[in-house]
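[1] Dropping the sequence and predicted coords here.
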Amino acid sequence: MYFSKQDPNYSMLKEIFNFIDSRKSHKIIASFRIKPVKTFVNDLKIWYLSVFFNYELSFVVDELNNNSKLRKLCNIDHVPTVSSIQT
């Protein structure tokens, strides 16, 4: 999984991730009693990666597990299993 800064999907995804990581969005998520918030945010990011770049969830999870730079770029500290994302 490679990103190019010229790719419009990359730019949009970066903005989405910045918003999802904001304190305001964490408060909104918590107001819906979704806990733990960080796990939910990580799942959202993985889902967005899958949708924006047209990859299977399993591929995205494998790439995140194998590529520490990608985890750092997406600010994902813990990569969940595919089955936990789909539930």
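    Received the coordinates, thanks. In this text the structure is predicted, and so the values were computed from the model without any measurement.

[2] Go ahead and report the secondary structure state at Tyr2.
    Following DSSP: H, G, I helix; E, B strand; the rest coil, Tyr2 is assigned to coil.

[3] Not counting residues beside it along the chain, what's closest to the spatially most central residue of the chain?
    When the chain is reduced to its mean C-alpha position, the nearest residue by Cα atoms, centre = their mean turns out to be Lys45, at 1.5 Å. Nearest residue to Lys45, sequence neighbours excluded (Cβ to Cβ, 6 or more residues apart in numbering): Cys74, at 5.4 Å. Where you see a C-beta, it was placed from the backbone N, CA and C, and this is true even at glycine.

[4] Tell me where the protein has helices.
    Assigned by DSSP state H, the chain shows helices spanning 8-20, 23-31, 37-52, 57-66, 68-74, 82-86.

[5] What lies in contact with the shortest one?
    Outside helix 82-86, the residues within contact range by Cβ atoms under 8 Å, 6 or more residues apart in numbering are 43, 46-47, 57-58, 61.

[6] Could you do stretch 24-35 as well?
    So stretch 24-35 is contacted by 19, 37, 40-41 (Cβ under 8 Å, 6+ apart).

[7] quick one: low-confidence parts of this structure?
    Within the chain, the stretches with pLDDT under 70 are 87.

[8] and with 80 instead?
    For the chain, the stretches flagged by pLDDT under 80 are 1-5, 86-87.

[9] that older thread, please render the helices of the chain as CSV that adds distance to Tyr2 to the earlier fields.
    As requested, the helices of the chain are exported to CSV (distance: least, Cβ to Cβ, whole Å):
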stretch, distance to Tyr2
helix 8-20, 10
helix 23-31, 27
helix 37-52, 12
helix 57-66, 10
helix 68-74, 9
helix 82-86, 21
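
[10] Quick one: closest of those to Met1.
    Nearest to Met1 among the helices of the chain is helix 57-66; the distance by Cβ to Cβ comes to 4.5 Å.

[11] Report the buried residues of the closest one.
    Within helix 57-66, the residues scored as buried using 16 or more other Cβ atoms under 10 Å are 57, 60-61, 63-64.
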